[in-house]
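Peer 1: Mind folding the following:
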Amino acid sequence: MRKKLFAVVILCAIALTGCKTKIDTQALNTLTSLSQITPADVKTRPMSLADSVTVNNVKGLFKIDADFPDSGNFFVINNIREWMSEQLGGTYEGNMEDGAKMLDHYKNVVLTDFKENIIPDMPRIEDMSCYKDVKIKKLYETDRYVSYLYTQEGFAGGAHGWYLMQGQTFRKSDGRRIDYDIFRAELMDELADLVKDNIFTQYFESNTEDMGNLLTMENNDFFPLPQSAPIFREDGVEFVYQQYEIACYAAGMPACVISYDLLEPFLTQAGRWLVNTGHVAEN
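Peer 2: Residues are numbered from 1 along each chain as shown. Sure, this is the predicted structure:
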């Protein structure tokens, strides 16, 4: 009896294993077919919002212009909307499809911050004002990825204002955010050296060691990659360093664009597939 029962168990296990193998094969075939489908282009709607608050004759101004994604692959446009919200602070809890409500939420956050924190600490100088100006724009799109650009500038008292620029590229098949993991891990040091050479020649317009004097790093032999994600543009990948990240404020925001041909040896298979496309989507 026990032998018969054991035999039945073995047969069931074999049958289940066969079914699992069949299911996995079907799933793999489905994924392969989906990867060959060109995802829909990301269609956007321009949105603008501006408002101000005044406290003790000091005004705080806020303005935002955004290309809000209206249609396309759900996973892509949902990830773009989440990224936009995160760039603005990440506190919006409403419907991500309601772009107007999202922007209005962050407008109120900024104006409240002006009113309660920033303006009370500013010196009382006639006609002084603080401001924050934000732009979120669709930068470039192909049949395999779409890139967005976030810029912010402002003034909140002190010696000078600020400016930042961050981009994000999204894979259109599934909405994946593209970051440095698209480059081969064992070549990251060589990639950093390539970025360093191009920063010196493109931004500082020199490849001499004198440029090292502008850097704020204690060890100029070690040159880090930017903290912000690489931006996939039409002519190559842009690497952007924020103010103070590697250089003094007066040096601005060092940046360079490296062609896809030069970067190809550094890309993973997923990275090479991403940029190997002949179709450019319409903006």
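Peer 1: Can you tell me how far the closest residue to H160 other than its chain neighbours is from F222?
Peer 2: Nearest residue to H160 in three dimensions, chain neighbours excluded: Y249, at 6.9 Å (CB to CB, 6 or more residues apart in numbering). Any C-beta I mention is one placed from the backbone N, CA and C, and that applies to glycine too. Look at Y249 and F222: by CB to CB, to the nearest Å, they are 21 Å apart.
Peer 1: For the protein, which segments are assigned as helices?
Peer 2: Remark: helices assigned in the chain by DSSP state H are 2-35, 74-88, 99-113, 119-121, 188-198, 260-263, 269-275.
Peer 1: burial measure for the nearest residue to C256 once chain neighbours are set aside, as a count.
Peer 2: Nearest residue to C256, sequence neighbours excluded (CB to CB, 6+ apart): N198, at 3.9 Å. For N198, the count of nearby residues is 20 (other CB atoms under 10 Å).
Peer 1: Kindly report the same for G175.
Peer 2: 20.
Peer 1: got the contact list for it?
Peer 2: G175 makes contact with N73, F75, V76, N78, N79, I80, according to CB atoms under 8 Å, 6 or more residues apart in numbering.
Peer 1: hmm, 10 Å instead?
Peer 2: For G175, the contact set (CB atoms under 10 Å, 6 or more residues apart in numbering) comprises 39, 72-80, 82-83, 146.
Peer 1: same deal with D235?
Peer 2: So D235 contacts Y140, V257, I258, S259, Y260 (CB under 10 Å, 6+ apart).
Peer 1: One more pass at 8 Å, please.
Peer 2: Applying CB under 8 Å, 6+ apart, the residues contacting D235 are V257, S259.
Peer 1: do you know how far it is from D143?
Peer 2: 18 Å.
Peer 1: do the same with A247
Peer 2: 37 Å.
Peer 1: which one of the two has more residues nearby?
Peer 2: Each of A247 and D143 has its neighbours counted (other CB under 10 Å); A247 has more, 21 against 17.
Peer 1: Could I get the pLDDT score of the more buried one?
Peer 2: Looking at A247, its pLDDT is 84.
Peer 1: Assess the claim that it and Y241 are in contact.
Peer 2: Yes: counting by CB atoms under 8 Å, A247 touches Y241, with 7.1 Å between them.
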